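S.K.: Would you be able to build a 3D model of this:
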Amino acid sequence: MTYKSQLGKLGEDIACKYLVNKGYKIIDRNFRKPWGEIDIITKAPNKTLVFVEVKTIRQNSGLTKEEQLQPEDQLTKSKLQKLKRTASLYAGHCQDLIKDNKGWKIDLIAITLSEPNKLTIEEKSCLVRHYENIA
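M.R.: The predicted structure follows:
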């Protein structure tokens, strides 16, 4: 497994732990189709179906905060379009997951690891930002 793959998996693990602690129920991870991928599929505490995109970066201690790329910057317009299409198709085929007219939404979880050489889940070594209903 490449470092980039390990970093992505770690970010998704951190995001799942964060979501579960907030009362979400994880339904699926890494749902892949030729036209797109969804990192995490979950049910929010209010029963809304949520498709979660996770972006993770390592903090570069040699750069100022203004010079550093943020994980949010990695969500391109093209990636968001693919995510919307994949989420829509998933929701269309899994109507049983959408109850009480709650519908579905797309969230972004952005994670910055402050100890870039550690590939473990340690809440004190990362910053998690959760953006709800981004599309």
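S.K.: Can you tell me the SS state at the closest residue to residue 74 other than its chain neighbours?
M.R.: What sits nearest to residue 74 in space, not counting adjacent residues and going by Cβ to Cβ, 6 or more residues apart in numbering, is residue 55, at 4.6 Å. C-beta coordinates here come from the backbone N, C-alpha and C atoms, glycine included. Three-state call for residue 55 (DSSP: H, G, I helix; E, B strand; the rest coil): strand.
S.K.: Look up how far residue 80 lies from residue 55.
M.R.: 11 Å (Cβ to Cβ, to the nearest Å).
S.K.: For residue 133, identify the helix or strand it belongs to.
M.R.: Using DSSP states H and E, residue 133 sits within no helix or strand.
S.K.: And it, how close does it get to residue 87?
M.R.: As judged by Cβ to Cβ, residue 133 and residue 87 stand 12 Å apart.
S.K.: Which residues are in contact with each of these two?
M.R.: Here residue 133 and residue 87 share the contacting residues residue 106, scored by Cβ atoms under 8 Å, 6 or more residues apart in numbering.
S.K.: Those two: which is more packed in?
M.R.: residue 87 (23 against 11; other Cβ atoms under 10 Å).
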